[in-house]
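Undergrad: Sequence plus predicted model, see below.
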Amino acid sequence: MATFKSLHDCVAENLSDGDVAAFEGFTHLIPHAAGHEAIRQGRKDLTLIRMTPDVIYDQMIGMGLVKKVIFSYAGNPGVGLLRRMRDAIENGWPRAIETVEHSHAAMANAYEAGASGLPCAIFRGYRGAELARVNPDIKSVTCPFTGEELAAIPAHRPDVAFIHAQKASRRGDVLIEGIIGVQKEVALAAKRVVVTVEEVVEDFDGIHPNLCVLPHWTVTAIAVVPGGAHPSYTHGYYARDNAAYLEWDRISADRELFTAWMKANVLEVGPDVFAERVKDL
């Protein structure tokens, strides 16, 4: 049953050192505010799962929170590299990290398997690909009915999932509009689910029945954080801050500049700063 709490308490009560955590969002609704709170609270030794890790994972890796990343494609969208992630992989700064790389299809199927309570995902994939040479989690199985060889990987079952959404009802149901990534699947796969939202409304009466609604019994805690997806966008609320993504490439290229930026823009500010950043978008 979802409870409404401050972002600080949502993170403090649901994210522990050593957890396997997924901060999911695809193109928009990326939970930057939740990631920043994890950084402020100094979590460490996290295993992060994410389809398309971008700036928020770059920041968490650069601040030393992460020991392992399970992912498909990593980059600053529309710009280029994740420079802090690359520095950690190539130079061990600020610490070495382990990486487990999958295809997008594999990641989506692993979340679906986790949401279904299955130990692994079985799907058509990786045929002709050499990723299995560097990822021992990629196995093959033979279909007992057709004899077809299929790919198999472990299901994703995070200790905690963080997502951002547009609305929560007073009861704690969560409404996601626009592009839907794997937020539904990660919420059902995780042991605990924290959602940041733009606003709270009385109920969802009158909405289209095919919209994505996570019922209150799938959610552990909700924090109201307007602008909580910035610099990504929230459909119907604010646009993508393209300038911020371009600027991140410059900031993240230098360790000292990165450290100073994180201190001024994350460590020394609270979640209310997100609402201020989206006022002119």
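TA: Sure, I can see it.

Undergrad: Sketch out the low-pLDDT regions of the stretch 151-281 of the chain for me.
TA: For the stretch 151-281 of the chain, no stretch has pLDDT under 70.

Undergrad: For it, which segments count as helices?
TA: 183-189, 242-252, 255-262, 273-277 (DSSP state H, counting those that start in this stretch).

Undergrad: So which other helices or strands are in contact with the longest one?
TA: The reference is to helix 242-252. Packed against helix 242-252, as judged by 3 or more Cβ pairs under 8 Å, 6 or more residues apart in numbering; DSSP states H and E, are the following elements: helix 55-62, helix 83-91, helix 255-262. (Glycine included, C-beta is placed from N, CA and C.)

Undergrad: Please identify the deepest-packed of the ones you listed.
TA: Mean neighbour count (mean count of other Cβ atoms under 10 Å) peaks for helix 55-62 among the helices and strands packed on helix 242-252, with a mean of 25.

Undergrad: what about the residue nearest to residue 32 when sequence neighbours are not counted, distance to residue 262?
TA: Spatial nearest neighbour of residue 32, chain neighbours left out: residue 56 (5.0 Å); criterion: Cβ to Cβ, 6 or more residues apart in numbering. Residue 56 sits 12 Å away from residue 262 when distances are taken as Cβ to Cβ, to the nearest Å.

Undergrad: Count the residues that sit near the nearest residue to residue 201 once chain neighbours are set aside.
TA: Leaving aside its chain neighbours, residue 201 sits nearest to residue 167 (5.3 Å; criterion: Cβ to Cβ, 6+ apart). Other residues lying near residue 167 total 19 when counted by other Cβ atoms under 10 Å.

Undergrad: Likewise for the one 4 residues further on?
TA: The number of residues packed around residue 171, counting by other Cβ under 10 Å, is 12.

Undergrad: The one 3 residues further on now?
TA: With neighbours defined by other Cβ under 10 Å, the count for residue 174 comes to 27.

Undergrad: for the one 3 residues further on, same thing?
TA: Neighbour count of residue 177, defined by other Cβ under 10 Å: 18.

Undergrad: That one and residue 252, how far apart?
TA: Look at residue 177 and residue 252: by Cβ to Cβ, they are 31 Å apart.

Undergrad: out of the helices of the stretch 151-281 of the chain, which comes closest to residue 79?
TA: Proximity of the helices of the stretch 151-281 of the chain to residue 79 was assessed by Cβ to Cβ; the nearest stretch is helix 242-252, lying at 5.0 Å.

Undergrad: can you pull the buried residues of the closest one?
TA: 244-245, 248, 251-252 (16 or more other Cβ atoms under 10 Å).

Undergrad: between these, which is nearest residue 280?
TA: Sorting those by how near they are to residue 280, with Cβ to Cβ, puts residue 244 at the top with 12.2 Å.

Undergrad: wait, doesn't that closest one sit right on residue 233?
TA: No - Residue 244 is beyond contact range of residue 233, at 11.0 Å (criterion: Cβ atoms under 8 Å).

Undergrad: from the chain's centre, how far out does stretch 37-57 sit?
TA: 8 Å (Cα atoms, centre = their mean, to the nearest Å).

Undergrad: was I right about the residue nearest to residue 32 contacting residue 35?
TA: Yes - applying Cβ under 8 Å as the test, residue 56 and residue 35 come out as touching, 4.1 Å apart.

Undergrad: Now for the two: what residues contact both?
TA: residue 23 (Cβ atoms under 8 Å, 6 or more residues apart in numbering).

Undergrad: How about the contacts made by the residue nearest to residue 78 when sequence neighbours are not counted?
TA: Sequence neighbours aside, residue 245 is the residue nearest to residue 78 in space, at 6.3 Å (criterion: Cβ to Cβ, 6+ apart). Residues in contact with residue 245 (Cβ under 8 Å, 6+ apart) are 55, 76-79, 231.
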